[in-house]
Structure formats: structure tokens, C-alpha cells
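Asks: pasted the sequence and its predicted model underneath.
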Amino acid sequence: MKSIVYLIVCCGVMLLVGGQPAFGATGPQTQLEKSVNQILQLLRDETLQDDVRKKQITDLVRQRFTLRVMSQYVLGPQWRTTSEEERERFVTLFSDLLEASYVDKINAYNDEEVSFVGEQIRENRASVETLILTGSKEIPIEYRLVDANGEWLVYDVIVEGVSLVRNYRSSYREIVRKDGMAKLLDRMEEKLVEIRQREKKGAS
């Protein structure tokens, strides 16, 4: 169930860099709800081939998440001490890892519903509470968003109290502390290669 939760979250996780102004000057819940509903429509469309569905979902996710802000939160103080080249490499690798980790979970979708509970806005930050409704339980999902010139972009997803950003921060911080930023980037690249090789074997 965790994998499909991240998928419906649009991801918690299939998170990609970007954000194209396409939603107008509406509030965070309205913008997020539109994105989620569009993704749910694609998940329910049995006429779409998997590769087409993945591409369309990825495009929608690009519009609603900001990986650069997420990367800053994941690295924390380390972000300020890294070079611009290291930052760009981290954002790219982090984005690719999240996509590779969750994009193939699409077929696990089992007609779950998403209920929007409410929003809280404080200056240029907001949170939107939702529930994933399954046949047996309700799973709380909180999105945290930042206002980028009227576009509310997601920079963290909290699933049942567990923050995606904090989860990665905890894992990466220890590697940086022990081995340095360059080693973290190398390990991320190795992990990405490993995931993609596993995907190729599974497809063959």
C-alpha cells in the first residue's frame, strides 16, 4: 500500500524538477486538487498504454513539484556549503532517483480515492491535508507547498506522519558526515544505475 500511496500523492514521490504556470491564481488546495484529479483520471484510463500513462503523469508532476526547494530541505545546512555544480548534480540525481523509484508503481493502483480535508496558509507557505480512502482504512497525507508567483508547488509530502524530506535527509546526512558530499553524489548515481538495471531485467 505504501507504494500506491506515494503514487497517488503524485508522488511523494515520482517527484521531478519544474513548475510551469498553468493553473492561475487560485489557492493551494484548488491547484493541488486539480493535479491529483488529473492523475487519478490517467490511472483509471484502461485504454492508455503504460508508457503513455507514465509520460502524461510525469508531465503533470513536473508542474506541481519543486525539486530544487525540496533538495535544499533534504540537504539542510549542507546546501549552503556545496558548490553550484554539486547542487545542480544533486537536484538532477535526486529527481531521477525519485522517478525511478516510484514511476513503475503505477500498475499497483487499485481505485483508491483521495479526499481533500482542508488547507492552511501562512505567508508564502501552505499545507493541504488529504486522505487516501481504501477499502479498509483512511491514510492521512499532508502536502507542504511554497508560493512561487501564484503557483503553489509541493516541496514535501508527509505520509502517515512520515516526511519524505526528513526521511531522505536522515539517510543522506550520515553519508555526508562520514564521507563528504562527493561520496553522497557517487552513491546516488550508483543507486540510480542499480534501479534502472533492475527495471530492465524485470521488463525482459
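Replies: Ah, there it is. All figures in this text were calculated on a predicted structure; none of them were measured in a lab. Numbers count the residues shown, from 1 in each chain.
Asks: what bridges to the nearest residue to residue 124 once chain neighbours are set aside?
Replies: Spatial nearest neighbour of residue 124, chain neighbours left out: residue 147 (4.2 Å); criterion: C-beta to C-beta, 6 or more residues apart in numbering. Just so you know, the C-beta spots here come from the backbone N, C-alpha and C atoms, and that holds for glycine as well. Beta-bridge partners for residue 147, by DSSP bridges, are residue 152.
Asks: what sits against residue 147?
Replies: 28, 124-126 (C-beta atoms under 8 Å, 6 or more residues apart in numbering).
Asks: same deal with residue 163?
Replies: Taking C-beta under 8 Å, 6+ apart, we find residue 163 in contact with 156-157.
Asks: hang on, the earlier thing: closest to residue 200 out of the contacts of residue 147?
Replies: Among the contacts of residue 147, residue 28 lies closest to residue 200 (C-beta to C-beta), at 38.2 Å.
Asks: roughly how far does that closest one sit from residue 135?
Replies: Distance from residue 28 to residue 135, counting by C-beta to C-beta, to the nearest Å: 29 Å.
Asks: these two: which has the busier surroundings?
Replies: Higher neighbour count among residue 28 and residue 135: residue 28, with 23 against 7, using other C-beta atoms under 10 Å.
Asks: that one against residue 124, yeah?
Replies: No. With contact defined as C-beta atoms under 8 Å, residue 28 does not reach residue 124; the gap is 10.6 Å.
Asks: show me where pLDDT drops low in this protein?
Replies: 1-25, 102-110, 202-204 (pLDDT under 70).
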